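> how would this look folded up:
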Amino acid sequence: MILADPIKEMTMILEKALDAEVEVIGNLFSVKKFRTLVIQSDDAKFSFEMGCDITFQTMLQSKMTINKAEILLLPSELSVFLSALISQVNPLPNNYSQRLVVELSVYCLYLETQELPEPFAKRLAASLKAIDGLPFPSEQPFCFSLPWTCAKANEQ
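This is a model prediction of the structure:
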């Protein structure tokens with residue numbers, strides 16, 4: 001299929017790679033991807049929805065984009081996520097940067113690259129898939145009052 005509209009084409013590529021809706025504002029493509037974390041103790045079961053903010057900003061006169069992602073991870077997920085991220089077929093570009101912030105037993109991983117949007121999206125999707133369904137260690141302390149709006153507890 002050939003599309004004449006580059007915005008629609010990029011939106012379709014990102015939606016397919018990340019399996020999420022894409023919002024377009026000017027030259028910024030924004031994706032909010034959610035994942036559910038289930039924590040079970042002896043007497044209760046909690047479900048948390050954690051969001052991942054992903055943006056792709058087009059650069060003038062280039063097919064490259066400035067790609068950014070903010071991913072919330074549990075300590076047990078960090079090494080699995082990073083291992084999946086660096087072991088992809090498309091290697092990380094030279095301009096790849098990451099920053100890690102730890103707060104209340106949750107890691108916030110900030111990623112940034114300048115490259116074509118599709119390899120970044122596919123690499124990120126594969127890394128998120130690698131941590132999907134990982135068991136939550138019951139002995140791990142966890143604070144239920146996360147400061148981020150992307151986490152909410154629902155007792156089931």
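> mind showing which ranges of this structure have poor pLDDT?
1-4, 38-41, 135-156 (pLDDT under 70).
> OK, contacts around residue 84?
126-127, 129-131 (C-beta atoms under 8 Å, 6 or more residues apart in numbering). Yep, even glycine has a C-beta here, placed from its N, CA and C like the rest.
> change it to 10 Å
Taking C-beta atoms under 10 Å, 6 or more residues apart in numbering, we find residue 84 in contact with 123-124, 126-131.
> does it count as helix, strand or coil?
helix (DSSP: H, G, I helix; E, B strand; the rest coil).
> Leaving out sequence neighbours, find the closest residue to it.
residue 130 (3.7 Å; C-beta to C-beta, 6 or more residues apart in numbering).
> Am I right that that neighbour falls within a strand?
No - going by three-state DSSP, the assignment for residue 130 is helix, not a strand.
> Need phi/psi at the residue lying farthest from the centre of the chain.
What lies farthest from the middle of the chain is residue 43; by C-alpha atoms, centre = their mean that is 31.0 Å. Torsion angles at residue 43 (phi, psi; degrees, to the nearest 10) stand at phi -120, psi 0.
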